[in-house]
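J.: Build me a structure from this.
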Amino acid sequence: MQHAPHYLRDILLTAIAPMLWGTTYILTTQVLPPDRPYTAAVIRVLPAGLILLAWARSLPARGWWLKLCVLAALNIGIFQAFLFIAAYRLPGGLAAIFGALQPLITMALASFASRRSPGWRMIAVALLGLPGMAMLLWSPGMQWNLTGVLAAFAGVCCVSAGAFLVRRWQPPMSVIALTGWQCALGGFMLLPLALLLEPALPALSLQQIAGYSYLSGFGALLAYVLWIRGIQKLPLAASSSLALLSPVVATILGWAILDQKLAAPAMAGMGIVLLSVYLVQREAAKPVTTASNR
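T.: Take a look at the predicted model:
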């Protein structure tokens, strides 16, 4: 068990990842060329993965290739595909609300594997994120689309299962190598979708080149390294609940930069989401703190 100061440091470092992901929406809508989601996904993860692999210079141990492909598919390839299907068929707020299910799904997987309940307090504070996210992002004009709903739910299930398996399998490689292989393999999985389903990129402006560079350097390379590291070091409930920070950051940026309205219910919802994240961290930290004080 790690000591409380180290636990707090791990939480803060891991939280940077979803906060960086929260900047993706405004970058995509305001800077990048439109209608090329799979191209953006490939540019986001594939160069980052190759850079990390060049840095790590590490091959997987024998017998780990299949598991790495499974992790890459769940955390990058399939997840990104479902993410964009949902984004095109659902309002952004409705798609993001499904993300509040991630802590609950990861807790369910961990409980099933260990045959131990996370406890009613942990379940209660994780459930608190659902109404908070709905208050933050819901609008009366939202329209449901069955394909979009199924894609959003499947995407959350994929990334939850990917986080669970990273923690359960504990691949015998550095976090740099593990992240690099997932991003690279996931990028190659997405590449055929980008080539077959989307037009070629137009001539890019310097602003768009900078946008893609940020998306890959910060939105993938840095963010995924911190996220995978956090999954390995933190309890699953703690790391997965931090994903709720992404729509919070996106909402704040929309208000600050795009002059989007932030009504009182949305502000209350934001407070509830942040409270849920804090309470989940506190509940997850209790065994760590107790063990360190013995």
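
J.: where in the protein is pLDDT low?
T.: By pLDDT under 70, the low-scoring segments of the chain are 1-4, 90-96, 140-143, 287-294.

J.: ok, and for the helix of greatest length in it, which residues are buried?
T.: Counting by DSSP state H, the longest helix found in the chain is helix 264-292. With burial defined by 16 or more other Cβ atoms under 10 Å, the residues of helix 264-292 counted as buried are 266, 269-270, 272-274, 276-277, 279-281, 283-285, 288. From N, CA and C alone the C-beta is placed, and that goes for glycine too.

J.: again, but for stretch 22-30
T.: Buried residues in stretch 22-30, counted by 16+ other Cβ under 10 Å: 22, 23, 24, 25, 26, 27, 28.

J.: now those residues as JSON lines including distance to residue 121?
T.: Shown next, in JSON lines, are the buried residues of stretch 22-30 (distance: Cβ to Cβ, whole Å):
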{"residue": "22", "distance to residue 121": "28"}
{"residue": "23", "distance to residue 121": "33"}
{"residue": "24", "distance to residue 121": "33"}
{"residue": "25", "distance to residue 121": "33"}
{"residue": "26", "distance to residue 121": "36"}
{"residue": "27", "distance to residue 121": "38"}
{"residue": "28", "distance to residue 121": "38"}
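
J.: can you tell me which of these are in helices?
T.: Using DSSP H, the buried residues of stretch 22-30 in helices are 24, 25, 26, 27, 28.

J.: Test my guess that the second one contacts residue 249.
T.: Going back to what we said before, that points to residue 25. No: applying Cβ atoms under 8 Å as the test, residue 25 and residue 249 come out as separate, 9.2 Å apart.

J.: Name the helix or strand for the spatially closest residue to residue 251 that is not a sequence neighbour, please.
T.: Nearest residue to residue 251 in three dimensions, chain neighbours excluded: residue 136, at 6.2 Å (Cβ to Cβ, 6 or more residues apart in numbering). Using DSSP states H and E, residue 136 sits within helix 129-137.

J.: and that helix, how far from the chain's centre?
T.: 17 Å (Cα atoms, centre = their mean, to the nearest Å).

J.: Residues in contact with it: which ones?
T.: Counting contacts by Cβ atoms under 8 Å, 6 or more residues apart in numbering, the residues outside helix 129-137 that touch it are 92-94, 96-97, 99-101, 103, 241, 244, 247-248, 251, 265-266, 268-273, 275-277, 280.

J.: List the neighbours of the next helix or strand after it that are in contact with it.
T.: Counting by DSSP H and E, the element after helix 129-137 in chain order, helix or strand, is helix 146-169. Helix 146-169 has contacts (Cβ under 8 Å, 6+ apart) with 67, 70-71, 73-75, 78-79, 82-83, 85-86, 88-90, 94-95, 98-99, 101-102, 105-106, 109-110, 113, 178, 228, 231-232, 236, 239-240.
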